[in-house]
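**Q** The following comprises the amino acid sequence and a computationally predicted model.
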Amino acid sequence: MSIARVQWPDRIAAGEVVKVRLLIQHPMDTGYLQDLTGKLVPRNVIRQLTCTLGGQEVLRVQPSSGIAANPFFEFHLRAMQTADFRAEWTDDRGVQGVLTQTMAVA
Amino acid sequence: MSVKGQSRRQGVIRLLLMGLPWSLRPAQAQRMNSGQLLSFEAMVQPLVKGAPLRAQDVRLHAPILAENGSLVPVQVQVNSPMTAQEHVTHVHLLSQRNPVTQMAVFELGPWNGRAEISTRVRLAGTQELVALARLSNGEFRYARMEIIVTESACVDAS
Amino acid sequence: MNTPRTDAGRRHFLKVSSSATAGLSLGFFVPERASAADVPQLNVWVEIEPNDTIVIRYARAEMGQGSMTSAPMIIAEELDADWKKVRVEYATAHDNLRTKRAYGDMAAVGSRTIRNSQAYLRQAGATARHMLVAAAAQQWGVPASECNASLSKVTHTASKRSLSYGQLATAAAKLQAPKEVALKDPKDWTLIGKPIARVDIPDIVVGKTKYGIDTQLPGMLHAAVAACPVFNGKVKTMDASKVENRRGIVKVLNLGEFVAVVADNWWRAKEALREVAIDWDVGEHGTLSSATIMAHFKAGMEQTELAVARNDGNAPEALGKAAKVVEADYFTPYLAHATMEPMVCTAWLQGDKLEVWSSSQNPEATLAVGAATAGVPQPNVKVYPVQLGGGLGRKSPQDFTRQAVMIAKAMAGKPVKMLWTREEEIQHGLYRPASLMRFKAGLDASGKLDALHIRVSAPSILATLLKLPLPKGVDGQAVASFNDHPYDIPHTLVDYAQRNTNVPVGFWRSVGHSQNPYGRECFIDELAQAAGKDPLAFRLEMLPNTEKSKRDRSILEAVTKAAGWGSKLPAGVFRGVAETEGYGSWTACVCEVSVNAKNEVKIHRVVIGIDPGYAVNPDNIVAQFQGSVVHGLTAIFWGENTLKEGRVEQSNFHDYRMMRLNEMPKVEVVIAPTGGFWGGVGEPAQAPLAPALVNAISAALGKRIRSLPLKNHGLSLARVQGPTA
């Protein structure tokens, strides 16, 4: 189960384009490295990330093993009114993560 | 690089001629024992599939020198009004020599207000990065830059 | 004389002119002169002073390999410069960053400074020459084609007028660099191929050279460091109460992975460090030993999942049907580098500006690591080049730079020189990986080699040090000279079991070529013996004069001819031979030895040769090969780092012995360049030496020697000079 954090400015005016920063705790194991016993650590990366605001999709990302551990994403969205931001992701093992946070818009 | 003269790929031809021949560049990424370098065409054509492609409107920010390949910050800005009529639909981050060429693809829309994304990538050695944007009219725009992974200098050559 | 200087005092005003886009692709910027006092710059590589002194820049590290002379020779050749007027200066990593890498790659690794930069260095020299000729032609109002450049002068052939480069430089620097220039045909070279004296040698001999360890700055502090003796351990607790108030001790730092004592002189720092009580957290690594490591490697041999590096034909099947099967396991140990100058780095953080003086083979990596560690932007970092007291591959990774900058950050505002003790260097190496190699070969009824299966069970430098993904799981370094062997054999299978341990591994001069050719060429001798054939004839049979193996064949023939292979030897003297390819060059070696009743090996001759394509500086090649023999014999006879309770047992030269002057045999170097390509010189010599020597010793003893070092077989190196020689 991975932990995540999302950040945006404290004060947001309606109609403003805001920068959103999302950080997810996840090893993003590439599947190319071995442990000390010589066994390959199997690939386990986040395959799909979807972000919605007030139920509407605002970002979809398909990462790969080329995204560094503890994936960080920064993107923009136009905030119209106070709404719930929701980030959902799934990894190779099928483990799902969710983060919700209310975006307050003046 | 070899250039084929098919009319529907004129945009590509123009760009390839403007591009710098790799063999003349002192800072070229050379053949690595453990990874082949893809040509620019091989990197983009599976996604572009012959649609118009121009080296403009996209800014790719990343450090020229990366200490190691584990964590390289990358930012892509695409110049676009992000309206319903005219916006960026996808931003692809492509790697020249990673085992997986498409490092990530971001799906955007007018709701984003700005076509600007950042993330942190892994690089398997010195190589070129391409930021490829797909526009709502089906055309593509791109920017490319070489990132030197200083730690892997020992193997970044034959 | 031509002593190199660091760049600290000289300012460059390099600006990209809008008309120079083509020049951009070659990394040549049209300079903008800031003031009349500035020296005319023809391009980033060449400046010419009014008194005719030509400043040529060298953009890599100099660690005794001599490319600080050879690389500028290449520029001077095309420039048609009078070498006596050339002064070599370093280019810096920060200049390289500022000019968007106008100097290209700056790492002195992989024996590739010359072969990877020769094209653009020649371009730089030729471009500058072209501009000088154009300037003269303009001044005289004659076509450039009527002018000739030679020895720092341009002459108008018809009128016999001439101008020196110093006189022409200002005008030439204002001209646009040509987009294309013709390069000289190698047969017209007047400088390349000549045994030019190295520019840095006189100063080295008289002790004037400033190495990284000699860095002195006003108010500089000194730091001695200790990392956990068990690799990857951390500081649990630290008690510095005994020393922190001592005279001269400024601070004792617990930096997690290591402890640093900062003092006003290094002796005080080092002595105080010994009395800091450190409790280390060694995790689960405290039981690692050479025995557990060997068991780990042996388990790799039995692995069912292996990475396949080469698969010609069907070796397992062919081996099953072979008339004769020969099997052998070979082993080579971990090796610390033991550069004469231990790890040293001086760093000074003032606000958000960082300056570093680092004995580093990779100045750009030093810059990037410095910036990241200090938390300052890369453009705020200056990396000043210094001469390295040996690099050998140890000083390309930046572990020690990181430490120095961490200390400098803690001592913000003060310059700190961090220096490792010899013990720290031997016990915190990035070791040449130990390697277990298994060979199995099938000979047919006529004694011809039909099938070869080589399995390597060893750590992967690429996967552990560089965290690089390995295509198909193969680390090319671990199977070097196996997966690319030149012998004409119908069936070859090379597979690899990656067996990492807690011992950190890195690039030791010639890397996989420091160990694999030993296994390969000694095993080939075993096969020759099983086939009842002369080792040279056995090899030549498998090296036809085809594109694939003609250079292996030609260097083998050149060296064995120089050694007089086949001629009668005195009683008790035996020969051994080996050949291999690496770093773009082909090498071979013949050793003549005798072994006395006390198992002392007397080396009568070492004949070692190279085909580097073009030999830029033959004198330097000889020096590199002589040095490689010293380094190689040291490793072959005594080199090994063993582990007990997670720690490296060796610590200094009393138990990690080096060769002595009176043990040095005569080395005959054969330079046999076949032309047409540029091969490396710094590392290739290590490769054929061990197998040639061991093959000779095996012939003398009548038994095979399948592991190094030789001391473990009771063998020692006899003195060749002195009372008992």
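**A** Everything's here; your move. Residues are numbered from 1 along each chain as shown, chains lettered A, B, ... in the order given.
**Q** Settle this for me: A:Phe73 is touching B:Glu116, isn't it.
**A** No. Between A:Phe73 and B:Glu116 there is no contact under C-beta atoms under 8 Å: 11.7 Å. In this view, the C-beta of every residue, glycine as well, is placed from N, C-alpha and C.
**Q** which residue packs closest to the residue of chain A found nearest chain C, ignoring adjacent ones?
**A** Minimum separation of chain A from chain C (C-beta to the nearest C-beta) falls at A:Tyr32, amounting to 3.5 Å. Excluding the flanking residues, the one nearest A:Tyr32 by C-beta to C-beta, 6 or more residues apart in numbering or on different chains is C:Pro469, at 3.5 Å.
**Q** part of a helix, is that neighbour?
**A** No. With DSSP: H, G, I helix; E, B strand; the rest coil as the criterion, C:Pro469 is located in coil rather than a helix.
**Q** number of nearby residues for it?
**A** 23 (other C-beta atoms under 10 Å in any protein chain shown).
**Q** so it touches B:Asn98, yeah?
**A** Yes. Here C:Pro469 reaches B:Asn98: they are 7.4 Å apart, a contact under C-beta under 8 Å.
**Q** quick one: C:Arg198 from chain B, how far?
**A** According to C-beta to the nearest C-beta, to the nearest Å, C:Arg198 stands 24 Å off from chain B.
**Q** so what's that residue up against?
**A** C:66, C:68-69, C:619-620, C:623 (C-beta atoms under 8 Å, 6 or more residues apart in numbering or on different chains).
**Q** how many neighbours does C:Cys228 have?
**A** 23.
**Q** Nearest residue to it in space, please, no chain neighbours.
**A** For C:Cys228, the spatially nearest residue (C-beta to C-beta, 6+ apart) is C:Trp280, at 4.6 Å.
**Q** Give me the contacts around the host helix or strand of that neighbour.
**A** For C:Trp280, the host element (DSSP states H and E) is strand C:277-281. For strand C:277-281, contacts defined as C-beta under 8 Å, 6+ apart pick out C:226, C:228-230, C:233-240, C:242, C:259.
**Q** Would you mind listing which of the residues you listed are buried?
**A** C:226, C:228-230, C:233-235, C:240, C:259 (16 or more other C-beta atoms under 10 Å in any protein chain shown).
**Q** what sits against the most centrally placed residue in chain B?
**A** In chain B, the C-alpha nearest the mean C-alpha coordinate belongs to B:Val130, at 0.7 Å (C-alpha atoms, centre = their mean). For B:Val130, the contacting residues are B:40, B:43-44, B:60, B:92-94, B:96, B:142-144, by C-beta under 8 Å, 6+ apart.
**Q** any idea how far the helix or strand that contains it is from the chain center?
**A** Assessed by DSSP H and E, B:Val130 sits inside strand B:127-135. Centroid separation for strand B:127-135 versus its chain: 3 Å, with C-alpha atoms, centre = their mean, to the nearest Å.
**Q** quick one: is the helix or strand following that strand near chain A?
**A** Next helix or strand after strand B:127-135 toward the C-terminus (DSSP H and E): strand B:140-149. No. Strand B:140-149 lies out of reach of chain A by C-beta under 8 Å from any C-beta of the partner chain, never closer than 12.6 Å.
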